[in-house]
Every structure is written in C-alpha cells, then in structure tokens.
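Trainee: Whatever this is, show me its structure:
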Amino acid sequence: HRVLYRVVEFFRHWYVKGFRIYWNFIVHALHAFDQVFAWKITLKHVFEPLYKDYSAVGYALGIPFRIGRIILGSIVYVLFLFAAGIVYLLWLLIPPYILIRIIMG
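Mentor: I've put the predicted structure just below:
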C-alpha cells in the first residue's frame, strides 16, 4: 500500500507540481520580456511618432521603429514559447523514458 502511495505521489509531484512551477516560470519570463518589448503598448501606439514629435521626421522614424519592435518582440515571444514547449514536452517524457529503459533492461 505504501509503495503505491509513493509512486502516485511521485507522479503527482512530477506532473502537477512541476507544471505549476514551470508555468510560473513562463509567466514571469513573459513579463520580463514585456518589460523590454512593451509589445501591447507598442501595438496600441504603432502609428504615433516617437516622443510625441509630430514632425515628418518623427513619423518617418517612429512608425518603422515601432513596427520593427513589434516584429522583433513577436519573434522573441514565439521562439521562447516554442522552446518552452519543447522543454516541457521533454520534461513530461522523462519518467516514461526511464520506466521503459528499466523494463527493457
């Protein structure tokens, strides 16, 4: 009875608690990225000039800069989420891999 409890507790700890810890890491990392890229705010103000410089130069520099920042931020977010998904998938597969290796010898 105790062995079964420990096995179930291991899997609960590995998958449930591990997911919560990893999810918090992902959320905090995305928050840190948002401190750098300010993606949502930049998207909201994409057609405004930088630093409220309403001259032609302000528009000519501001709009491409903001569009570039949105594109770069999107690429970073997608690459981070893709890498995080791969790492989490590998994390999920570690116990079954170990069990298969033990059973197969």
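
Trainee: number of nearby residues for R66?
Mentor: R66: 21 surrounding residues under other Cβ atoms under 10 Å. Placement of C-beta: from N, CA and C, glycine included.

Trainee: scratch that, W23 is what I was asking about
Mentor: Residue neighbour count, defined by other Cβ under 10 Å, stands at 12 for W23.

Trainee: ok, now Y22?
Mentor: Neighbours around Y22, by other Cβ under 10 Å: 14.

Trainee: Test my guess that it contacts W91.
Mentor: Yes: if you go by Cβ atoms under 8 Å, Y22 and W91 touch, sitting 7.0 Å apart.

Trainee: ok, and for the worst-scoring helix or strand of the chain on mean pLDDT, which residues are buried?
Mentor: Least confident helix or strand, the chain: helix 39-44 with a mean of 87, by mean pLDDT, DSSP states H and E. Buried residues in helix 39-44, counted by 16 or more other Cβ atoms under 10 Å: W39, T42.

Trainee: Show residues contacting it.
Mentor: Residues outside helix 39-44 that contact it (Cβ atoms under 8 Å, 6 or more residues apart in numbering) are F33, D34, R66, R69, I70, G73, S74, Y77.
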